[in-house]
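>>> Sequence unavailable; structure follows:
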């Protein structure tokens with residue numbers, strides 16, 4: 001019998017690779033996609049131990065339908081894990097960042113995460129007299145959940161909210177012995193960072209324009225030196241299988257380093273690196 005896992009956002013990147021690795025290691029994966037085309041493509045790539053779920057994390061009715069589909073499929077087996085991976089990014093100076101884009105980012109990265117978690121919690125064991133062991137919730141956060149870089153403040157704000165939700169859920173769901181874990185990658189080679197602020201014409205008439213024009217080669221070098229997506233997948237598997245999982249898995253040295261240096265030192269380093277002095 002294969003343990004059951006739900007992963008959101010399996011069309012590309014971290015979600016797709018995590019689904020691949022978990023299936024290879026003996027799991028049955030239910031993964032969310034937003035179109036039938038993606039469902040067919042991912043299903044063909046991952047094989048018979050993958051089941052696509054058609055929903056957007058901002059659509060509560062579709063999430064509820066997906067949760068019912070999973071419940072019908074697994075019965076009393078329950079879920080051993082929910083991996084909240086779906087997310088979107090955006091870049092630009094906060095002084096000019098469109099508020100509707102920031103709201104959309106929070107709808108996906110924050111409210112969508114909580115909506116999915118609420119829908120699947122009964123299958124993870126958050127109920128009286130549950131017939132199966134409690135599952136785990138794994139939230140894909142980011143270094144931006146602890147350290148905010150210039151021009152990705154909106155994204156960082158959403159990931160700080162993910163960190164807060166992770167802490168709150170972990171402490172509350174102790175009632176059911178459900179572990180809630182954050183994974184905090186640094187730069188990972190995925191499509192999420194393909195769009196950079198440096199190519200956004202909306203900021204061309206701002207005081208930040210000369211700085212933003214220099215960003216594309218910096219971003220390209222960051223992508224070149226980024227960690228492979230498999231590093232996150234391995235951390236997800238570890239968070240699912242560890243007898244006593246950590247509360248968070250930071251995957252970059254910047255996470256502990258940032259706590260040592262302090263705000264003023266970090267401010268000076270970032271301004272100098274980005275030409276903001």
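In hand now; what should we look at? Since this is a predicted model, take the numbers as computed values, not measurements.

>>> Tell me the bridge partners for the residue nearest to residue 35 when sequence neighbours are not counted.
Spatial nearest neighbour of residue 35, chain neighbours left out: residue 54 (7.6 Å); criterion: C-beta to C-beta, 6 or more residues apart in numbering. In this view, the C-beta of every residue, glycine as well, is placed from N, C-alpha and C. Following DSSP bridges, residue 54 is listed with bridge partners residue 33.

>>> Now residue 124. Nearest residue, chain neighbours left out?
Going by C-beta to C-beta, 6+ apart, residue 124 has residue 135 as its nearest residue, at 3.8 Å.

>>> can you check residue 180 too?
residue 170 (3.7 Å).

>>> likewise residue 160?
residue 145 is the one closest to residue 160 (C-beta to C-beta, 6+ apart), at 5.5 Å.

>>> Can you tell me the number of residues neighbouring the one you found?
26 (other C-beta atoms under 10 Å).

>>> if I read this right, it contacts residue 164, doesn't it?
No - if you go by C-beta atoms under 8 Å, residue 145 and residue 164 don't touch, sitting 9.1 Å apart.

>>> Give me the pLDDT for the residue nearest to residue 160.
Residue 145 carries a pLDDT score of 96 in this model.

>>> before we move on, what about residue 52?
For residue 52, the predicted pLDDT is 98.

>>> and the gap between the nearest residue to it once chain neighbours are set aside and residue 32?
Excluding its sequence neighbours, the residue lying closest to residue 52 (C-beta to C-beta, 6+ apart) is residue 39, at 3.7 Å. Distance of residue 39 to residue 32, given as C-beta to C-beta, to the nearest Å: 9 Å.

>>> Give the residues shared as contacts by these two.
Here residue 39 and residue 32 share the contacting residues 52, 54, scored by C-beta atoms under 8 Å, 6 or more residues apart in numbering.

>>> neighbour count winner among the two?
residue 32 (25 against 20).

>>> For the lengthiest helix in the chain, name the packing helices and strands.
In the chain, taking DSSP state H as the definition, the longest helix is helix 153-172. Here helix 153-172 touches helix 99-106, helix 113-124, strand 136-140, strand 179-184, going by 3 or more C-beta pairs under 8 Å, 6 or more residues apart in numbering; DSSP states H and E.

>>> could you check the angle helix 113-124 makes with that helix?
Put simply, helix 153-172 runs at 30 degrees to helix 113-124, going by axes from the mean of the first three to the mean of the last three C-alpha atoms, to 10 degrees.

>>> For helix 153-172, give me every contacting residue.
With C-beta under 8 Å, 6+ apart, helix 153-172 has contacts from 87, 89-92, 94, 97, 101-102, 105-106, 109-110, 113-114, 117, 137, 139, 141-142, 144-149, 179-182, 247-248.

>>> go again using 7 Å as the cut-off
When contacts are defined by C-beta atoms under 7 Å, 6 or more residues apart in numbering, helix 153-172 is touched by residues 89-90, 94, 97, 102, 105-106, 109-110, 113-114, 117, 137, 139, 141-142, 144-146, 148, 180, 182, 247.

>>> which of these are buried?
Buried subset of those (neighbour count, 16 or more other C-beta atoms under 10 Å): 89-90, 97, 102, 105, 109-110, 113-114, 117, 137, 139, 141-142, 144-146, 148, 180, 182.

>>> just how off-centre is the longest helix of the chain within its chain?
Mean-position distance between helix 153-172 and its chain equals 11 Å (C-alpha atoms, centre = their mean, to the nearest Å).
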